[in-house]
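>>> A structural model of the following input is requested.
(2 chains, ligands or ions: 2)
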Amino acid sequence: LGGPTGNLKILIPLKQVPDSTVRVKVAPDGKSVVTEGITWSISPYDEYAIEMALERKDADPSTVVAVVTVGPARTRDALRQALAMGCDEATLVTADSAAPLAIARALAKVVEEAKPDLVLCGKQASDDDQGFVGPALAELLGWPHVATITKVVPLDGGVELWREVEGGHEVWKAPLPALATVHKSEKEPRYPSLPGIMKAKKKEIPERSLSALGVDAAGPTWTVLSMEPPPVRGGGKILKDGDAKQIAQQLATALRDEAKVL
Amino acid sequence: MKTLVVADRKGSDLRRVTLELAVKARELGDATVVEIAGERYSPLPFVSALAKKVEAEKPDLVLLGATLNGRDLGARLAARLGRAYAADVTGLRAAGNALEVDKPMYAGKVRAKLRIDLPAIVSVRPGAMPLKDGAEAPQIDKVDADASAEKLTFVKLAATATAAKRVSLSEARVIVSGGRGLKGPENWHLVEELADALGGAVGASRAVTDAGWRPNEEQVGQTGKTVTPDLYVALGISGAIQHLAGMTSSKVIVAVNKDPDADIFKIADYGVVGDLFEFVPAFTDAVKKIKGNG
Ligand SMILES: Cc1cc2nc3c(=O)[nH]c(=O)nc-3n(C[C@H](O)[C@H](O)[C@H](O)COP(=O)(O)OP(=O)(O)OC[C@H]3O[C@@H](n4cnc5c(N)ncnc54)[C@H](O)[C@@H]3O)c2cc1C
Ligand SMILES: Nc1ncnc2c1ncn2[C@@H]1O[C@H](COP(=O)(O)O)[C@@H](O)[C@H]1O
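Numbers count the residues shown, from 1 in each chain, chains lettered A, B, ... in the order given. Ligands and ions are numbered 1, 2, ... in the order given. Alright, predicted model coming up:
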């Protein structure tokens, strides 16, 4: 990492997860999910974080956007994808598995070396649905954080962060360096362009290991006892006898008398 | 088990989830409810005050509502104290010296049972724990947020123009959601009138929030809210896997779509194949009549 000084440098820790279109299945052991043959993608909120950073770069080309992930070898593809979208640099920290706090510790080491002004995490990864690593990383660094933002505006000596809350946005000013977790970007995450893909192929992705960073993979976590799919739904009724008014009446009656939800 | 429940308010009202957690905590053993008092939630002042309280009381378990603020506070607290953390669980029970929790994962596509060693921090999805009407309001210890820990400056609150006065999505017992089939924001009165007749909240598909027809906060699905109301009505929504991830655990699902092959019908309890512009006003009338207020 290590971009030019004086310009805004944004680092995005990203996680590779099963693509949102994957029908996730529980493995025969009943404690994990099937990963063979599935499509992997950058976690959706991390894609929003990348898009948000790239929108800053569009506005000010001196902005440097770097990505990092802690994961097994396959996660290199996610970094490659981020580079193809337009990110400048990528780092892979190899780890087959690590406790959530250990992931945050590894990321903290990378942040200390790379010295970004702003770290943007996803609001939660779409596999464990935790929303832990962002706030934990800020805590380890001793930085302030703002969660679930949809907008970042650079200011003199800081950034304005728009946090989505019920009924609107709270606008916070943070000194730099700071961390935010991203809920959505202004535009949809961009697709990699062909030149972007070509450029990304040529970029080197330096690799570090957890132990080279001096981080132990252990940390407080849970043990999975079992996993199961949500109950299958089905056997629903299609109401089709009569005109709209009659069907409306039948539906209202069924919701009151049969389903008992009115 | 000794449990510390962290209270959460919406404006001046205690959120229902706080009562749900207080009841649960009493079931588990010794329960205390604490409220961090500050003008508005901000992670550093809140986590600083809460961490001190936890260190003084030494609970085995800290429970928070899995609300926007509760999830954020829980995560940073867990990192500060170096404790195990599970977010957005839908069930929990004591298991010897540990805790067993139910946690939806993979955006709701999998339900996991996890074992967590104590002491631990857990945020619980609103509405997931049973609460009988008339549950006694718990006694609340107030602790001031630690303003000296703040590094952020609050600038302003920018309200969404369409901000509704309705119940919030994650707590609503009835939700009426509109999709691209509504054709445009000018037709949303159809969704709102039905939601009002049913006494529910208004939701939307991502096609709708992306198009800017409705605010983000109304989006249901993988990258929006996960909801589990008693009744979910999907109007002009095709039923993409990412939408289903957010609402498939609703108790009763009604779908209105003109395409008989729409995926939404595969998970609907009641389906109506037809033009929503014709059906929805008729259904709103029927609901008003049956509820005796039309
Ligand atoms: C990473 C990722 C995350 C995503 N997260 C979400 C999410 O959180 N939530 C979400 O909703 N989507 C999400 N999506 C998008 C999802 O894939 C779909 O594109 C989206 O849900 C479609 O919205 P829709 O059903 O309103 O629109 P469409 O798919 O266009 O469906 C419109 C429906 O309206 C029906 N219709 C049209 N006219 C009428 C009429 N007059 N009367 C009755 N019916 C009519 C049509 O038959 C059609 O079925 C995500 C996608 C990705 C890639
Ligand atoms: N293994 C990882 N490597 C890099 N970043 C991660 C990793 N896990 C989580 N993150 C970041 O932390 C966010 C929240 O993840 P989680 O706490 O797992 O829900 C993600 O959206 C990423 O930005």
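
>>> ok, B:V33 - contacts?
B:4-7, B:18, B:22, B:25, B:138-141 (CB atoms under 8 Å, 6 or more residues apart in numbering or on different chains). C-beta coordinates here come from the backbone N, C-alpha and C atoms, glycine included.

>>> what about A:A104, distance to B:A262?
42 Å (CB to CB, to the nearest Å).

>>> distance between stretch B:188-200 and the chain's centre?
Relative to its parent chain, stretch B:188-200 has a centroid offset of 20 Å by CA atoms, centre = their mean, to the nearest Å.

>>> with stretch A:89-104 instead?
Counting by CA atoms, centre = their mean, stretch A:89-104 comes out at 14 Å from the chain centroid.

>>> how about that stretch and chain B, any contact?
Yes. Using CB under 8 Å from any CB of the partner chain, stretch A:89-104 reaches chain B at A:100-101, A:104.

>>> which among those gets closest to A:A244?
A:P100 (51.6 Å; CB to CB).

>>> report whether stretch B:215-224 contacts chain A.
Yes. Stretch B:215-224 comes into contact with chain A (CB under 8 Å from any CB), by way of B:216-217, B:222-223.

>>> for that stretch, buried residues please.
Using 16 or more other CB atoms under 10 Å in any protein chain shown as the test for burial, stretch B:215-224 gives B:215-224.

>>> and it, anywhere near ligand 2?
No. Using CB under 6 Å from any ligand atom, stretch B:215-224 stays clear of ligand 2, coming no nearer than 11.6 Å.

>>> tally of neighbours for B:V272?
27 (other CB atoms under 10 Å in any protein chain shown).

>>> just to be sure, it is in a strand?
Yes. Under DSSP: H, G, I helix; E, B strand; the rest coil, B:V272 falls within a strand.

>>> and the closest residue to it other than its chain neighbours, which helix or strand is it part of?
Sequence neighbours aside, B:V256 is the residue nearest to B:V272 in space, at 4.6 Å (criterion: CB to CB, 6 or more residues apart in numbering or on different chains). Using DSSP states H and E, B:V256 sits within strand B:252-257.

>>> re earlier: the more surrounded of A:A104 and B:A262?
A:A104 (27 against 21).

>>> verify the contact between that one and B:A79 for me.
Yes. Between A:A104 and B:A79 there is a contact under CB atoms under 8 Å: 6.7 Å.

>>> next, show the common contact partners of these two.
Common contacts of A:A104 and B:A79, defined by CB under 8 Å, 6+ apart, comprise A:132, A:136, A:139-140.

>>> now, among those residues, which is nearest to ligand 2?
If you rank the shared contacts of A:A104 and B:A79 by distance to ligand 2 using CB to the nearest ligand atom, A:F132 comes first, at 3.7 Å.

>>> for B:V122, see how far away A:T63 is.
Using CB to CB, A:T63 is found at 39 Å from B:V122.

>>> which of these two has more neighbours?
Legend: neighbour count by other CB under 10 Å for A:T63 and B:V122, higher for B:V122 (24 against 21).

>>> quick one, strands of the stretch 151-294 of chain B?
With DSSP state E, counting those that start in this stretch, the ranges of strands along the stretch 151-294 of chain B come out as B:153-159, B:174-178, B:201-204, B:231-235, B:252-257, B:270-273.

>>> need the contact list for the residue nearest to B:S238 when sequence neighbours are not counted.
Sequence neighbours aside, B:A262 is the residue nearest to B:S238 in space, at 5.2 Å (criterion: CB to CB, 6+ apart). B:A262 makes contacts with B:238-239, B:255, as judged by CB under 8 Å, 6+ apart.
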